[in-house]
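> give the three-dimensional model of this entry:
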Amino acid sequence: MSVDRDHVRIVEALLFAASEPLDLGTISQRLPDGTDSSVVLAALAEDYRGRGVEPVQVDGKWLFRTAPDLADALAEHRVVPRKLSRAAVETLSIIAYHQPITRAEIEELRGVAVSKGTMDVLMETSWVRPRGRRQTPGRPVTYGTTDDFLIHFGLSNLNDLPGIDELKATGLLSAEPRDPSLFDAVKDDGAG
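Below you'll find the predicted structure:
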């Protein structure tokens, strides 16, 4: 099937100029009626194969990203985020695997209180944001990860998070968790 090159150019310009990833509906609105956006995006991806940047899909949205094999060449130009504390890394992990999750649920899983500073740091990085309120007494705020989290860690969606077996294989988990049932949901669907 032949693709109209002007449609490919339109999508290329949209992704290049966008300040945030674009969903298929937004892209389709900018193309003539009857145009198959998926086919146009596939043609654009083919055009960029092997180049310095490439269109990629993250959580159902499209953006341009630097080719992964060029990371070393760009290392000195990359903004290095401040180092996260162990508490922040643990909290981020719990949020990623169990979202949407309340502060009380995070504290229950970690076994210690979550400081306001830890949540502030995670929200400043734009990796975590409030997702809404639980429909329970007190209506606690729930938290979840953002597209920036997926982009930073090179994930297409939350299902790409490593499972418990993968984490053990890399040596990141050397001991069994105190309560293995906490990780059952991670292994089952990756989203908790």
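
> how many neighbouring residues does Arg139 have?
Per other CB atoms under 10 Å, the neighbour tally for Arg139 reads 11. Every residue, glycine included, has its C-beta placed from N, CA and C.

> so it, which of the three states?
Under DSSP: H, G, I helix; E, B strand; the rest coil, Arg139 falls in the coil class.

> name the nearest residue to Val58, sequence neighbours excluded.
Leu150 (5.0 Å; CB to CB, 6 or more residues apart in numbering).

> other SSEs contacting the helix or strand encompassing the one you found?
Assessed by DSSP states H and E, Leu150 sits inside helix 147-152. Packing contacts for helix 147-152, counted by 3 or more CB pairs under 8 Å, 6 or more residues apart in numbering; DSSP states H and E, involve strand 53-58, strand 61-66.

> list the helices and strands the last one packs on?
Just to be clear, that refers to strand 61-66. So strand 61-66, by 3+ CB pairs under 8 Å, 6+ apart, packs with helix 5-17, strand 22-23, strand 53-58, helix 147-152.

> Ala87 is nearest to which of these?
Judged by CB to CB, the one of the helices and strands packed on strand 61-66 that comes nearest to Ala87 is helix 147-152, at 17.2 Å.

> fine by me, thanks again.
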